[in-house]
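**Student:** below is the sequence, then the predicted model.
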Amino acid sequence: MYKKMKKYLAELVGTMVLVLLGCGSAVFAGGIAESVGTGVGTLGVAFAFGLAVIAMAYTIGNISGCHINPAITFGVFLTGKMSGKDATLYMLFQIIGALLGSLIIFALVSTGAHNGPTATGANGFAEGATLQAFIAEAVFTFIFVLVVLGTTDAKKGAGNFAGLAIGLTLFLIHIVCIPITGTSVNPARSIAPAIFDFFTVEGGGTPLSQLWLFIVAPLVGAALSAVVWRFFAKKEN
């Protein structure tokens with residue numbers, strides 16, 4: 001039980017760090033801050049998410065595998081590499097970790113100023129762009145989870161370079177997807193900011209009303225990646 005709890009807590013801490021550093025970069029250094037010369041822009045936010053994943057991969061990867069993303073956990077479960085019980089608890093602790101990360105951002109915003117387009121880094125898409133957003137989130141999650149499954153595979157993986165490959169992939173995905181949805185490819189990363197956005201001055205409930213897409217599309221993408229990876233990893237007769 002102790003060993004299992006260590007894994008769950010590692011996922012909690014890892015997801016908290018990902019949301020705090022990734023969404024935090026968007027809130028405090030992204031968006032409109034760029035126009036006054038102090039923002040990091042799209043590339044900076046993309047780097048923040050990618051570097052956060054790399055940091056956590058080499059910190060908790062040997063404890064829990066560093067999923068820190070329900071879509072990854074779902075993909076791993078569908079490939080038969082973890083039980084349904086473990087997958088469920090991984091996702092639960094990831095969401096709790098994301099909520100803690102968003103809570104810290106919310107506390108920082110509530111006690112000072114921020115320069116981002118939202119006070120929480122919540123995901124969202126333009127009116128009339130639902131299909132575009134769904135395709136983007138499903139396809140980019142497919143790519144991301146496929147890279148995770150491939151690079152972490154015991155026989156075909158990238159070994160100690162897996163964390164670097166995964167983090168850089170997330171960086172590349174953010175460059176393309178930020179203008180479309182703000183980039184989720186991670187339901188936990190979307191759930192927590194959407195909830196806290198509802199309680200901010202700027203919040204109008206839009207991220208919460210669009211949240212379904214950032215849960216469903218990544219899981220669809222993860223399922224497709226699991227199917228493809230099972231085909232790639234299947235032993236030849």
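**Tutor:** Looks like it came in fine.
**Student:** nearest residue to the middle of the chain?
**Tutor:** With distances taken as Cα atoms, centre = their mean, Asn186 lies nearest the centre of the chain, 3.5 Å away.
**Student:** roughly how far does it sit from Ala192?
**Tutor:** For Asn186, the distance to Ala192 equals 10 Å [Cβ to Cβ, to the nearest Å]. Yep, even glycine has a C-beta here, placed from its N, CA and C like the rest.
**Student:** Gly159 too?
**Tutor:** Distance from Gly159 to Ala192, by Cβ to Cβ: 32 Å.
**Student:** tell me which of the two has more neighbours.
**Tutor:** The neighbour count for Gly159 versus Ala192, taken as other Cβ atoms under 10 Å, is higher for Ala192 (29 against 9).
**Student:** mind listing what that one touches?
**Tutor:** The neighbours of Ala192, taking Cβ atoms under 8 Å, 6 or more residues apart in numbering as the test, are Val19, Ile95, Ala98, Leu99, Gly101, Ser102.
**Student:** tell me how far stretch 52-64 lies from the chain's centre.
**Tutor:** 14 Å (Cα atoms, centre = their mean, to the nearest Å).
**Student:** what's it in contact with?
**Tutor:** Counting by Cβ under 8 Å, 6+ apart, 6-8, 10-11, 13-14, 17-18, 21-22, 66, 68, 90, 162-164, 166-168, 170 sit against stretch 52-64.
**Student:** can you pull the poorly scored residue ranges out of this structure?
**Tutor:** 31-39, 115-117, 201-204, 236-237 (pLDDT under 70).
**Student:** do a quick rundown of the strands in it.
**Tutor:** When assigned using DSSP state E, the chain turns out to have no strands.
**Student:** what segments of it are helices?
**Tutor:** Along the chain, the stretches classed as helices by DSSP state H are 2-28, 41-64, 70-78, 84-110, 130-151, 162-181, 187-197, 206-209, 211-233.
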